[in-house]
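1. missing the sequence, but the structure's below:
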């Protein structure tokens, strides 16, 4: 028996005074009087504890808006794109003037059983991020794989702008070859403007420097004055933006009916790119669309030396060490080429045609031109 009912029974049934009951249980006489009054007016139900919760919360999200949030969640999930609280908030802002906060939307989704709280992940403050300052300052490119309805494998080559995340080129190919990838690059450059630099992995469709000479992609980049950069082997994080783009694209494609042909898959990819560039808010660029960010600033342009590379010419990118030297392997022997302490730390392009070696800076200056002496390890300046 709870205290309220015991106090009421002591007064009403046993005839004890308010003061005596209050003193015996360490409560006030007025509280005993209120309980007895409520009992005489409504019986035992009237003295049951009542909820202190507000009957009406003026700022609570309406049921209609909660239903709209749930509807957006399901719509985005079925589409195969990001359906988090921040993305839902962005889409709501396109429909309404005042929208709930991201945390409120998350609580609605949790209350409706659509999300499960998880332990905190790695803090954002610990991330090390690199981003180009201008549109077209740097593009990233990579090739990914997909399967058609009959199980046959195709490849999708993608180019994205590092600054805005804009997908500037995306094409489905039976097999990605250097000439086909170059064709995609040219089409993207004709539409969006040429980039100042291109960052890729070490795939043979992009680079064959490790085989002794440039392929058609590298030759084109050198001729256009575009700085070519590549990640170190087995380190995909360097090209993390385009790798993440692959994940987002594949999540979308997985929600579509399996494509029966390359043409059908290309149409699906085209729909995704249109949504990604113009509709989907991107978390890494302040929840804006890539096209909005791309169009907000002036575009960078190629600024490197335009180098024409003949057949049989070996092209090598390197950085002059702190001693003012470069290294070059000829045959089985490693040679050191003196360029000068004044140039230490500079990134250069080396054109090697037999024993003829040219060292060119990224701004087009010829730093050294020499005939390599294969009998000497060190090639001093002036030789």
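-> Received, thanks. The model shown is predicted, which means the values in this text are computed figures rather than measured ones.
2. Break down the protein into its helices, ranges please.
-> Taking DSSP state H as the test, the helices found in the chain are 3-12, 18-25, 29-42, 63-79, 85-93, 102-111, 178-192, 216-224, 240-254, 262-278, 290-295.
3. Quick one: closest of these to residue 341.
-> Of all the helices of the chain, helix 216-224 sits nearest to residue 341, with 27.3 Å by CB to CB. C-beta: built from backbone N, CA, C; applies to glycine.
4. sorry, back to before: could you dump the helices of the chain to TSV with distance to residue 170, mean pLDDT and mean neighbour count?
-> As requested, the helices of the chain are exported to TSV (distance: least, CB to CB, whole Å; pLDDT from 0 to 100; neighbours: other CB atoms under 10 Å):
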stretch	distance to residue 170	mean pLDDT	mean neighbour count
helix 3-12	71	85	16
helix 18-25	78	87	15
helix 29-42	72	88	15
helix 63-79	17	88	15
helix 85-93	21	89	19
helix 102-111	30	89	17
helix 178-192	8	95	17
helix 216-224	17	87	20
helix 240-254	8	93	17
helix 262-278	5	96	17
helix 290-295	13	95	18
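5. nearest to residue 166, of those?
-> The closest of the helices of the chain to residue 166 is helix 290-295. By CB to CB, the value is 4.0 Å.
6. circling back: mind checking the helices of the chain for the one nearest to residue 313?
-> Judging these by CB to CB, what sits closest to residue 313 is helix 216-224, at 9.3 Å.
7. can you give me the offset of the closest one from its chain's centre?
-> 28 Å (CA atoms, centre = their mean, to the nearest Å).
8. which one of the helices of the chain lies closest to residue 335?
-> Here helix 216-224 is closest among those (CB to CB), at 22.9 Å.
9. Which elements pack onto that closest one?
-> In terms of contacts (3 or more CB pairs under 8 Å, 6 or more residues apart in numbering; DSSP states H and E), helix 216-224 is packed against helix 178-192, strand 227-230.
10. Please produce a markdown table containing these, extended by distance to residue 27.
-> As requested, these are exported to a markdown table (distance: least, CB to CB, whole Å):
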| stretch | distance to residue 27 |
| --- | --- |
| helix 178-192 | 78 |
| strand 227-230 | 79 |
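11. Out of the ones you listed, which is closest to residue 243?
-> For these, the distance to residue 243 is smallest for strand 227-230, at 14.2 Å, taking CB to CB.
12. Using CSV, lay out the helices of the chain together with distance to residue 148.
-> CSV is the format used below for the helices of the chain (distance: least, CB to CB, whole Å):
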stretch, distance to residue 148
helix 3-12, 73
helix 18-25, 80
helix 29-42, 74
helix 63-79, 21
helix 85-93, 30
helix 102-111, 35
helix 178-192, 18
helix 216-224, 26
helix 240-254, 11
helix 262-278, 7
helix 290-295, 28
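13. For the stretch 251-383 of the chain, which segments count as strands?
-> Shown for the stretch 251-383 of the chain, the strands assigned by DSSP state E, counting those that start in this stretch span residues 314-319, 325-330, 333-338, 347-353, 356-361, 366-371, 378-379.
14. and the first one, which strands flank it?
-> What that stands for is strand 314-319. In the sheet, strand 314-319 lines up against strand 347-353 (antiparallel) (DSSP bridges).
15. got it, and the shortest one?
-> Each strand that pairs with strand 378-379, with its direction, by DSSP bridges: strand 333-338 (parallel).
16. Kindly calculate the angle that the partner strand makes with strand 325-330.
-> Counting by axes from the mean of the first three to the mean of the last three CA atoms, to 10 degrees, strand 333-338 lies at 150 degrees to strand 325-330.
17. Next, the buried residues of strand 333-338.
-> By neighbour count on 16 or more other CB atoms under 10 Å, the buried set for strand 333-338 is 335, 337-338.
18. For that strand, the averaged confidence score.
-> Taken as a whole, strand 333-338 carries a mean pLDDT of 91.
19. Next: stretch 161-169.
-> Stretch 161-169 comes out at a mean pLDDT of 96.
20. chain center to that stretch, what's the gap?
-> Offset of stretch 161-169 from its chain centre (CA atoms, centre = their mean): 11 Å.
21. now stretch 42-61
-> 48 Å.
22. That one: which residues count as buried?
-> Neighbour-count burial for stretch 42-61 flags 47, 61 (criterion: 16+ other CB under 10 Å).
23. what about it, how long is it end to end?
-> 35 Å (CA to CA, to the nearest Å).
24. Next: stretch 219-231.
-> Length of stretch 219-231, first residue to last, CA to CA: 19 Å.
25. now stretch 147-161
-> Using CA to CA, the end-to-end distance of stretch 147-161 comes to 26 Å.
26. ok, and for that stretch, which residues are buried?
-> So for stretch 147-161, counting by 16+ other CB under 10 Å, buried means 148, 154-161.
27. of all the helices of the chain, which lies closest to residue 307?
-> Of all the helices of the chain, it is helix 216-224 that lies closest to residue 307, at 4.4 Å by CB to CB.
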